[in-house]
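Asker: can't give you the sequence, but here's the structure:
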C-alpha cells in the first residue's frame with residue numbers, strides 16, 4: 001500500500017512476487033524463548049533484568065511527559081510514573097515484575113497503544129519491551145558460549161549477501177540489532193531504513209550500544225529514520241542527535257509520519273506510509289538498474 005501511495009504500484013507488485021528482487025525477513029523471535037516459559041510473556045529471571053526494564057519504562061514515561069501536551073495523556077503518564085516509583089520498594093524479582101506489568105497496564109491506556117492488536121495484554125507488552133533489555137544485557141549464553149545478542153546478530157548477518165547491495169529495513173529492537181550487526185558487515189548497504197527505533201533512549205539503550213560511541217556503520221550509504229508521535233517505543237526519535245557519522249559522513253535523517261492512531265508501532269503501519277515506502281522502492285529501482293538486483 002505504501003509503494004502504491006508513493007507512485008510505485010508496478011514495482012510494489014513485482015516486489016511482492018519477488019520478480020526482480022529477493023525479499024527476506026530475518027526472524028529471531030525464537031531466540032528469546034526460554035525453557036519452561038508459559039504463554040506470551042517470558043518472565044524476567046532476576047532482579048538485575050527487572051531493574052533494567054524498570055529504567056527503560058522510566059525513560060519512556062519521562063520522555064513522553066516532556067513532549068506531550070494533552071492533559072488526558074499527561075495524567076496517564078503521571079500515574080504510570082507514580083506506579084513506577086513505587087516499584088523501588090518491591091521485594092524480590094517476582095514482586096518487581098508484577099508491579100512493572102501494572103505500569104504497562106497503565107501505559108496501555110495511551111492513544112495508539114490502547115487500541116489494536118499486538119499487545120492484547122500488559123503481560124504481552126512487558127514481554128516484548130523486555131526483549132530490548134535482554135538483548136542489551138549481553139548474557140544468556142548458549143552451550144557454545146554465544147550470548148543472546150551475539151546469536152541474534154549472527155541470525156541477521158546470515159541473511160545478507162556481501163556480493164550484492166542490500167536495502168535493510170529495521171523495526172523496533174531490529175534497529176538496534178541492525179546498527180550493531182552492520183558494523184561487522186563488509187558488503188554495501190545503499191539504504192538503511194529504521195522505523196519505531198529505541199536507539200535514542202538515553203538511560204538503557206544508547207549507553208549500552210556497541211561499539212561506543214554509537215556511529216553509523218561504514219557500509220551504510222544512506223540512513224532514513226521514521227517515527228510516529230503515538231509510537232511509545234520511539235520516545236527520542238532524532239537519531240541524528242545520538243549517532244556519529246561514518247567515514248563517509250553518513251548520519252541518520254529523521255522524519256515523522258502520522259498513522260491513524262490504531263497500534264502505530266507495527267512495521268506494516270510504517271511501511272504503509274508513502275514517505276517510508278517511496279525511498280525504499282526508489283533504492284530498489286536504482287540498484288536493480290545498476291547491479292542486476294539488490295537483496
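Answerer: Alright, I've got the coordinates. Quantities reported herein were computed from a predicted structural model and do not represent experimental measurements.
Asker: middle-most residue in the protein, spatially?
Answerer: When Cα atoms, centre = their mean is applied to the chain, the residue found nearest the centroid is residue 172 (1.1 Å).
Asker: list the contacts for the residue nearest to it when sequence neighbours are not counted?
Answerer: Spatially, and ignoring its direct neighbours in sequence, residue 172 is nearest to residue 196 (4.9 Å; Cβ to Cβ, 6 or more residues apart in numbering). Where you see a C-beta, it was placed from the backbone N, CA and C, and this is true even at glycine. By Cβ atoms under 8 Å, 6 or more residues apart in numbering, residue 196 lies in contact with 171-172, 175, 226-228, 231, 233-234, 265, 267, 270.
Asker: do that again at 10 Å, thanks
Answerer: Residue 196 is in contact with 170-175, 225-228, 231-234, 237, 264-267, 269-270, counting by Cβ atoms under 10 Å, 6 or more residues apart in numbering.
Asker: what about the helix or strand harbouring residue 276, average pLDDT?
Answerer: Element membership of residue 276, judged by DSSP states H and E, is helix 274-291. Helix 274-291 shows a mean pLDDT of 81.
Asker: about what we covered before: where does the residue nearest to the centre of the chain land on pLDDT?
Answerer: Taking residue 172 on its own, its pLDDT is 92.
Asker: Would you mind measuring from it to residue 234?
Answerer: As judged by Cβ to Cβ, to the nearest Å, residue 172 and residue 234 stand 8 Å apart.
Asker: shared neighbours of those two, anything?
Answerer: What both residue 172 and residue 234 touch, as defined by Cβ under 10 Å, 6+ apart, is the set 194-198, 265.
Asker: Which residue lies closest in space to residue 180, excluding its sequence neighbours?
Answerer: Distances taken as Cβ to Cβ, 6+ apart place residue 210 nearest to residue 180, at 5.6 Å, with adjacent residues excluded.
Asker: again, but for residue 63
Answerer: residue 235 (3.5 Å).
Asker: Touching, that neighbour and residue 198? I think so.
Answerer: Yes: using Cβ atoms under 10 Å, residue 235 makes contact with residue 198 at a distance of 7.9 Å.
Asker: Need the buried ones from the contacts of residue 196 selected in ChimeraX.
Answerer: Command for ChimeraX that selects the buried part of the contacts of residue 196, burial taken from 16 or more other Cβ atoms under 10 Å:
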select :170,171,172,173,174,175,225,226,227,228,231,232,233,234,237,264,265,266,267,269,270
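Asker: What's the separation between residue 70 and residue 136?
Answerer: Residue 70 sits 31 Å away from residue 136, going by Cβ to Cβ.
Asker: Check residue 197 too.
Answerer: Distance, residue 197 to residue 136, using Cβ to Cβ: 14 Å.
Asker: Inside strands: which ones of the contacts of residue 196?
Answerer: The strands, defined by DSSP state E, take in 170-171, 225-228 from those.
Asker: three-state assignment of residue 193?
Answerer: What DSSP: H, G, I helix; E, B strand; the rest coil gives for residue 193 is strand.
Asker: Once you drop chain neighbours, what's closest to it?
Answerer: Per Cβ to Cβ, 6+ apart, closest to residue 193 is residue 169, 4.7 Å.
Asker: and that neighbour, how many neighbours does it have?
Answerer: 21 (other Cβ atoms under 10 Å).
Asker: which one of residue 70 and residue 136 has more residues nearby?
Answerer: residue 136 (22 against 11).
Asker: what about the residue lying closest to that one once chain neighbours are set aside, distance to residue 88?
Answerer: Distance criterion Cβ to Cβ, 6+ apart; nearest residue to residue 136, sequence neighbours excluded, is residue 208 at 4.4 Å. Going from residue 208 to residue 88 by Cβ to Cβ gives 21 Å.
Asker: Same check on residue 70?
Answerer: From residue 70 across to residue 88, the span is 28 Å (Cβ to Cβ).
Asker: Let me see the contact set for residue 226.
Answerer: Contacts of residue 226 (Cβ under 10 Å, 6+ apart): 193-197, 234, 237, 253-257, 270-271, 273, 275-276, 279.
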